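Undergrad: got a predicted structure here, sequence first:
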Amino acid sequence: MSAPRIEFPPALFTRELAAYYLDTNLRDIDDLRKTGELIAVGQGKRIRFTKTELDRYVDSLPERT
């Protein structure tokens, strides 16, 4: 089974799509949310992440040389 191919980014990303987009796992997404490093929209089990928020997080990471 291969990973889903995203032809264009959705307006809101589920936890699963956010993990795929960031090349990480669901536990890391949950941890980033708990520490406030990723801000979700929605409530309860219907949380989502905007592409802008995911890109903001990536831009905040230190560069490796």
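TA: Done, it's in.

Undergrad: now the helices for the chain?
TA: Applying DSSP state H to the chain gives helices spanning 15-22, 26-34, 51-60.

Undergrad: could you list the low-pLDDT ranges of the chain?
TA: Applying pLDDT under 70 to the chain flags the ranges 1-4, 6.

Undergrad: would you point out which residue is most central in it?
TA: Closest residue to the average C-alpha location of the chain: residue 18 at 3.0 Å, with Cα atoms, centre = their mean.

Undergrad: distance of that residue relative to residue 60?
TA: Here residue 18 is placed at a distance of 15 Å from residue 60 (Cβ to Cβ, to the nearest Å). C-beta coordinates here come from the backbone N, C-alpha and C atoms, glycine included.

Undergrad: do residue 38 as well
TA: Counting by Cβ to Cβ - residue 38 and residue 60 are separated by 10 Å.

Undergrad: so for these two, which sits in the more crowded spot?
TA: Taking other Cβ atoms under 10 Å, residue 38 and residue 60 do not tie; residue 38 has more neighbours (19 against 8).
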